[in-house]
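Participant: here is a sequence with its predicted model. Questions after.
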Amino acid sequence: MEFRLTNPNRSCRRNEAGNASPASAFTLAELLVSVALGTLLMLGAANFYSFSLTSFASMTNYADLNNQSRNASDRISRDIRTATSVASAGTNQLVLNALDGVNVTYTHNVAAGTLTRLKGGDSRMLLKGIASLTFSLYQRPSNPSAPYEQFPSATPATAKLVAFQWSCARTVAGPQNNSESIEMAMVELRNQ
């Protein structure tokens, strides 16, 4: 019994003499082109991976800054609303007279870039990475029926509204990828 290939051109080539020879491999030019294309694809994939890591780190950092800023704003607003009056105020410090008789002090440390809340012996850092922070005091409007009247500025004794504004920033990866969160509010002293 004799076995023959049904398609002899599939597995081997015939040389000029008609004899079968094994199939040839890639030529050098084909190999160089395939290596170059593979390298380009790998570089593109590595670049996309690096960009994705940086983007996700940026988004996570921004979400963390936003959460931290929102929590600090809620805490300050709650303390201002429940305070009976403003004891003292500056651009970097706010002292509120609380209902329970224990003053609440908010201090911005410019060198460290932090905002700290102090009540009694309890000190807590509310914000870090602060680029700028200001506290401002305002009086009641002189004409309540005017829809867009500006609030006159106040002293601690005449303050009815307390405004705060800050900007927080962090570097993610390198000097050019910053996440920033800006918060501002004007809160009324309700117990005055």
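Facilitator: Perfect, thanks for sending it.

Participant: tell me which stretches of this structure form strands.
Facilitator: Using DSSP state E, the strands found in the chain span residues 12-14, 20-22, 85-89, 93-97, 104-109, 114-119, 122-128, 130-138, 161-171, 178-188.

Participant: in TSV: those, plus distance to Ser73 and mean neighbour count.
Facilitator: For every residue, glycine as well, the C-beta is placed using N, CA and C. Converted to TSV, the strands of the chain look like this (distance: least, CB to CB, whole Å; neighbours: other CB atoms under 10 Å):
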stretch	distance to Ser73	mean neighbour count
strand 12-14	78	13
strand 20-22	77	10
strand 85-89	17	17
strand 93-97	13	20
strand 104-109	12	19
strand 114-119	11	18
strand 122-128	9	15
strand 130-138	12	18
strand 161-171	8	18
strand 178-188	5	16
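
Participant: among those, which comes closest to Glu30?
Facilitator: Glu30 lies closest to strand 12-14 among those, at 16.5 Å (CB to CB).

Participant: give me the residue at the spatial middle of this structure.
Facilitator: For the chain, the residue sitting closest to the mean C-alpha position, by CA atoms, centre = their mean, is Tyr62 at 1.2 Å.

Participant: so Arg75 is in contact with Leu127, correct?
Facilitator: No - with contact defined as CB atoms under 8 Å, Arg75 and Leu127 do not form a contacting pair (10.0 Å).

Participant: picking that back up, go through the strands of the chain and name the closest to Phe48.
Facilitator: Distance to Phe48, taken as CB to CB, is lowest for strand 178-188 among these, at 21.4 Å.

Participant: in this protein, which helix is the longest?
Facilitator: Longest helix in the chain by number of residues (criterion: DSSP state H): helix 28-82.

Participant: and Arg190, what are its phi and psi?
Facilitator: Dihedral pair for Arg190: phi -80, psi -30, per degrees, to the nearest 10.

Participant: put the alpha carbons of stretch 84-100 into CSV.
Facilitator: What follows is stretch 84-100, C-alpha atoms only, in CSV (Å, rounded to 0.1, in the frame of the first residue of the first chain):
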residue,chain,number,x,y,z
THR,A,84,-24.3,82.6,68.9
SER,A,85,-21.8,85.1,67.5
VAL,A,86,-18.3,85.6,66.1
ALA,A,87,-15.6,86.1,68.8
SER,A,88,-12.9,87.1,66.3
ALA,A,89,-12.0,86.8,62.7
GLY,A,90,-9.0,87.3,60.5
THR,A,91,-8.1,86.1,57.0
ASN,A,92,-6.5,83.0,58.5
GLN,A,93,-8.5,82.4,61.7
LEU,A,94,-12.1,82.3,62.7
VAL,A,95,-13.3,82.0,66.3
LEU,A,96,-17.0,81.3,67.0
ASN,A,97,-18.9,81.5,70.3
ALA,A,98,-20.8,78.2,70.5
LEU,A,99,-24.1,77.5,72.3
ASP,A,100,-22.4,75.3,74.9
